[in-house]
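K.L.:
sequence plus the predicted model coming up.
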Amino acid sequence: MEPKKNLCAQVPVPLHTRVREEQEKSGLTLSQYVTQILTEYYEKGEKAAMENTDIKTLAFQIPAELFQRLKDHLARESRRTGKKVSQKDFLLDLITKALDEADAAVQE
């Protein structure tokens, strides 16, 4: 495991709020999320890291019971597979499968 060191910085409240919202959506811990952003910035350059404009945000509310079922399922899958299964990956997979099935039905 690579050694780690703490990084602490004061940022404006709106930026902090945005970072935390995006971090929660990503399914990563704050440490993982900030590491990912910094790595992308330094490995790909500022322009490449910031030009991801083909991605759109999809946000909606669900009942608390369904949310808890989702969290329980993700935890079980993470234990079963030995790697973290994020909400984002899980939902993208479900949406893709449903759209592929709908496209196939239209073509028949």
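P.N.:
Looks like it arrived, so ask away.
K.L.:
list of residues touching stretch 2-15?
P.N.:
Residues outside stretch 2-15 that contact it (CB atoms under 8 Å, 6 or more residues apart in numbering) are Val19, Val34. Every residue, glycine included, has its C-beta placed from N, CA and C.
K.L.:
could you chop the protein up by domain?
P.N.:
Domains of the chain are assigned by automatic domain parsing as 1-53, 58-108.
K.L.:
mind giving me CSV with these and columns for mean neighbour count and mean pLDDT?
P.N.:
What follows is these, written out as CSV (neighbours: other CB atoms under 10 Å; pLDDT from 0 to 100):
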stretch, mean neighbour count, mean pLDDT
domain 1-53, 11, 82
domain 58-108, 11, 91
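K.L.:
mind listing what the residue sitting nearest the centre point of the chain touches?
P.N.:
Among the residues of the chain, the one closest to the centroid is Ser26, at 1.9 Å (CA atoms, centre = their mean). Applying CB under 8 Å, 6+ apart, we find Ser26 in contact with Tyr33, Gln36, Ser86, Lys88.
K.L.:
so the first one makes contact with Arg20?
P.N.:
The one in question is Tyr33. No. Tyr33 lies out of contact with Arg20 (CB atoms under 8 Å); the separation is 9.1 Å.
K.L.:
before we move on, back to that, any idea which of the contacts of Ser26 is closest to Leu99?
P.N.:
Taking CB to CB as the measure, Leu99 lies nearest Lys88 of those, at 16.3 Å.
K.L.:
can you tell me, leaving aside adjacent residues, what's nearest to the closest one?
P.N.:
Gly27 (5.3 Å; CB to CB, 6 or more residues apart in numbering).
K.L.:
can you pull the phi/psi pair for that neighbour?
P.N.:
Gly27 adopts backbone torsions of phi 80, psi 10, taken as degrees, to the nearest 10.
K.L.:
tell me how far it lies from Glu65.
P.N.:
20 Å (CB to CB, to the nearest Å).
K.L.:
same question for Ala102.
P.N.:
Computed with CB to CB, the distance linking Ala102 and Glu65 is 27 Å.
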